[in-house]
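Q: okay, predicted coordinates and the sequence, questions at the end:
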Amino acid sequence: MRDETRVEDGVRSLVAYALAKGLIGEEDRRYAANLLFACLQQDPGSDFDADTIEAKDQPLEPILRDLLDDAAARGVIEEGIASRDLFDTKLMGCLTPRPSEVIREFWRRYQESPEKATDYFYQLSRDSDYIRTYRVAKDRKWVTKTAYGDMDITINLSKPEKDPKAIAAALKKKQDSYPKCLLCPQNEGYAGRLDHPARQTIRLIPLELAGTRWYLQYSPYVYYNEHCIVLSASHTPMKIERATFARLLAFLQLFPHYTVGSNADLPIVGGSILTHEHFQGGRYTFAMAKAGIREKLSFPGFADVEAGIVHWPMSVIRLDAENPDRLVELADRILTAWRGYSDSVADILAFTGDTPHNTITPIARMRDGKYELDLVLRNNRTTEEYPLGIFHPHQEKHHIKKENIGLIEVMGLAVLPARLLKEMDLLADTVLAGKNPADVPEIASHAAWMQEILKKHPAYAPENVKNQPASKEALISILQEEIGLVFAGVLEDAGVYKDTEEGREAFRRFAASVR
């Protein structure tokens, strides 16, 4: 096939796709096609007629793949995943509505209902390929029953995990590049570079939260339904303060069908980006939201606020009230008390010298017509025994998870590294062959854990598996369940107050200190 014909066919398919998805109108066909030809550095034949292209809903990935293969073969782009991602985003940017059009349509639909507005915006983010649904679909997901309820487990295949030390270093690094970070509004329309993703297809919806400008966008990795990011207009570091609670609840007033929360503002207990203030939310009911109250609390002067300790592996105070201002007031008092609170008996120190350790991961949602705030108490102190953090996944669990426990995982959704998929497959093969995982370097870190699993499932022990056939599928299912139980243990490690009588009493001592 001639290059010219191959490119023409690809452009026709891409324009037909955009018409079917409503990204462009019929009057935009010639304009969109010419933009695409310019990007592809290939003029069509003299008889090419964009006006004859009709809408056709079809899978996007094969269309883009063929155009990318052709562009690489002709030297328009270099071969490689980063170059291909930059280029296919450039192509889709030719078809994505301008920011002002998206904003106008969003708020028009918002007049009908907040749900219709977010439905439109989320679908646009998928149709424009900002959310690469064909990649996200490769993530592995399952549910594990634990003592705290059903937890969601995912093995992330679409986004690399960040090292905790690298995250802390980024906070100290001078931000002198453009855009300053992955969350800055400067990204909208940015062409990208090999070390920074292209963002011609991202769109931002301006919001006013407690008197300040913020923006709504969706996460390209969608760990859960309608996974959104709410980001500050200014490039300022993460900070948990009174205004944080006010903004979270202001967001709920705009979008009561969403959950929204903030990562903590300190290394180790924060998320993967500490350099730009932002929230994450979406239309999803997390395991923590389903957890009940283990013990009721009361705070002087707040009889109108229901309060309690949540039955959860981490240390959570839940507040419910009809008046959001009252939640902000009480949450601020709890935060202020926690920032300076130490209890050496419980291994909690607020400061090492001038370095603070205590902070909060807040989550907001609506429940039965009331505003609800979950305040998760965090502490990032390290010791020689726990160099990555006392309240961080402990060493014996690092074979499954050693990265920071951020907002999403706090709520009960594990985002586990992609390496686990290959390792679990190799682990199952090794066990079924009657071999010792300790003798296989790629999975030796799982050996002690596997020995414990075999005690619970002796049919897979070497002396038994050699004498009778065993199902790999069944063993993988067992491994998935055990991974989920390790994750529950990871959250227990991250909890500042353990679910023991001593831990519960220490939690009560803190609650009593709030004034």
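A: Nice, thanks for sending it over.
Q: report the beta-bridge partners for residue 308.
A: Residue 308 has these beta-bridge partners by DSSP bridges: residue 296, residue 318.
Q: who are the neighbours in contact with it?
A: 293-297, 317-318 (CB atoms under 8 Å, 6 or more residues apart in numbering). Using the backbone N, CA and C atoms, a C-beta is placed for each residue, glycine as well.
Q: let's see that with 10 Å instead.
A: Each residue near residue 308 by CB atoms under 10 Å, 6 or more residues apart in numbering is listed here: 292-298, 316-320, 511.
Q: ditto for residue 407
A: Contacts of residue 407 by CB under 10 Å, 6+ apart are 260-264, 270-271, 279-281, 286, 361-363, 376, 413.
Q: got the buried residues for whatever helix or strand residue 427 lives in?
A: Per DSSP states H and E: residue 427 is located in helix 419-432. Using 16 or more other CB atoms under 10 Å as the test for burial, helix 419-432 gives 420-421, 423-424, 427-428, 430-432.
Q: also stretch 86-100?
A: Under 16+ other CB under 10 Å, the buried positions of stretch 86-100 are 86-97.
Q: before we move on, what about stretch 19-32?
A: 19, 21, 23-24, 28-29, 32.
Q: run the chain-centre distance for that stretch.
A: 32 Å (CA atoms, centre = their mean, to the nearest Å).
Q: need the next SSE after the lowest-mean-pLDDT helix or strand in the chain, C-terminal direction.
A: For the chain, counting by mean pLDDT, DSSP states H and E, helix 164-172 ranks last in confidence among helices and strands (a mean of 52). Going down the chain from helix 164-172, the next helix or strand is strand 205-209, by DSSP H and E.
Q: can I get the CA coordinates of the following helix or strand past that following strand in PDB?
A: Next along the chain after strand 205-209, taking DSSP H and E as the criterion, comes strand 212-218. Coordinates of each C-alpha in strand 212-218 appear next as PDB, following Å, rounded to 0.1, in the frame of the first residue of the first chain:
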ATOM      1  CA  THR A 212      -9.800  30.400  45.300                       C
ATOM      2  CA  ARG A 213      -9.500  29.200  41.700                       C
ATOM      3  CA  TRP A 214      -9.100  25.400  41.200                       C
ATOM      4  CA  TYR A 215      -9.600  23.100  38.200                       C
ATOM      5  CA  LEU A 216     -11.300  19.700  37.600                       C
ATOM      6  CA  GLN A 217      -9.800  17.100  35.300                       C
ATOM      7  CA  TYR A 218      -9.700  13.400  35.200                       C
END
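Q: the host helix or strand of residue 280: which residues count as buried?
A: Here residue 280, judged by DSSP H and E, is contained in strand 278-282. Within strand 278-282, the residues that count as buried by 16+ other CB under 10 Å are 278-282.
Q: give the other helices and strands that it contacts.
A: strand 212-218, strand 228-232, helix 242-254, strand 259-261, strand 358-367, helix 407-410 (3 or more CB pairs under 10 Å, 6 or more residues apart in numbering; DSSP states H and E).
Q: which residues are in contact with residue 279?
A: 209, 214, 216, 228-232, 238, 244, 247-248, 251, 260-263, 362-364, 407.
Q: now with 8 Å, please.
A: By CB under 8 Å, 6+ apart, the neighbours of residue 279 are 229-231, 247-248, 251, 260-262.
Q: any of the contacts of residue 308 buried? List them.
A: Among the contacts of residue 308, the ones that count as buried (16+ other CB under 10 Å) are 297, 316-320, 511.
Q: now the two most distant members of these.
A: Between any two of those, the greatest separation by CB to CB is 15.8 Å, found for 320 and 511.
Q: ok, so of the contacts of residue 279, who is nearest residue 186?
A: Looking across the contacts of residue 279 and measuring by CB to CB, the closest to residue 186 is residue 231, at 11.2 Å.
Q: separation between the residue lying closest to that closest one once chain neighbours are set aside and residue 417?
A: Once flanking residues are discounted, residue 231 sits nearest to residue 278: 4.2 Å by CB to CB, 6 or more residues apart in numbering. Separation of residue 278 from residue 417 (CB to CB, to the nearest Å): 23 Å.
Q: who's in contact with the residue nearest to residue 210 when sequence neighbours are not counted?
A: Nearest residue to residue 210, sequence neighbours excluded (CB to CB, 6+ apart): residue 246, at 4.2 Å. Counting by CB under 8 Å, 6+ apart, residue 246 touches 209-210, 324, 328.
Q: who wins on neighbours among the residues you listed?
A: Highest neighbour count within these, by other CB atoms under 10 Å: residue 328, with 24 neighbours.
Q: the longest helix belonging to the chain vs helix 419-432, what angle?
A: The longest helix of the chain (DSSP state H) is helix 472-494. If you take axes from the mean of the first three to the mean of the last three CA atoms, to 10 degrees, helix 472-494 sits at 130 degrees to helix 419-432.
Q: what's the separation between the residue nearest in space to the middle of the chain and residue 423?
A: Geometric centre of the chain, nearest residue: residue 223, 5.2 Å, by CA atoms, centre = their mean. Distance of residue 223 to residue 423, computed by CB to CB: 21 Å.
Q: does the residue nearest to residue 231 really touch residue 228, like I thought?
A: No. In this structure, residue 278 is not within contact of residue 228 by CB atoms under 8 Å, at 10.3 Å.
Q: which one of the buried residues of stretch 19-32 is nearest to residue 441?
A: Looking across those and measuring by CB to CB, the closest to residue 441 is residue 21, at 47.4 Å.
Q: including distance to residue 45 and pLDDT, could the buried residues of strand 278-282 go into a markdown table?
A: Shown next, in a markdown table, are those (distance: CB to CB, whole Å; pLDDT from 0 to 100):
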| residue | distance to residue 45 | pLDDT |
| --- | --- | --- |
| 278 | 48 | 98 |
| 279 | 50 | 98 |
| 280 | 48 | 98 |
| 281 | 49 | 98 |
| 282 | 46 | 98 |
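Q: now tabulate the residues you listed in CSV and tack on distance to residue 453.
A: Below are these laid out as CSV (distance: CB to CB, whole Å):
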residue, distance to residue 453
278, 39
279, 38
280, 33
281, 36
282, 33
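Q: what is the nearest of those residues to residue 487?
A: Once CB to CB is applied, the member of those that ends up nearest residue 487 is residue 280, at 18.7 Å.
Q: next up, the contacts around the closest one.
A: For residue 280, the contact set (CB under 8 Å, 6+ apart) comprises 219, 227-230, 260-263, 271, 407-408.
Q: on that earlier part again, farthest-separated two in the buried residues of stretch 19-32?
A: 21 and 29 (13.7 Å).
Q: since that was my last question, I'll sign off now.
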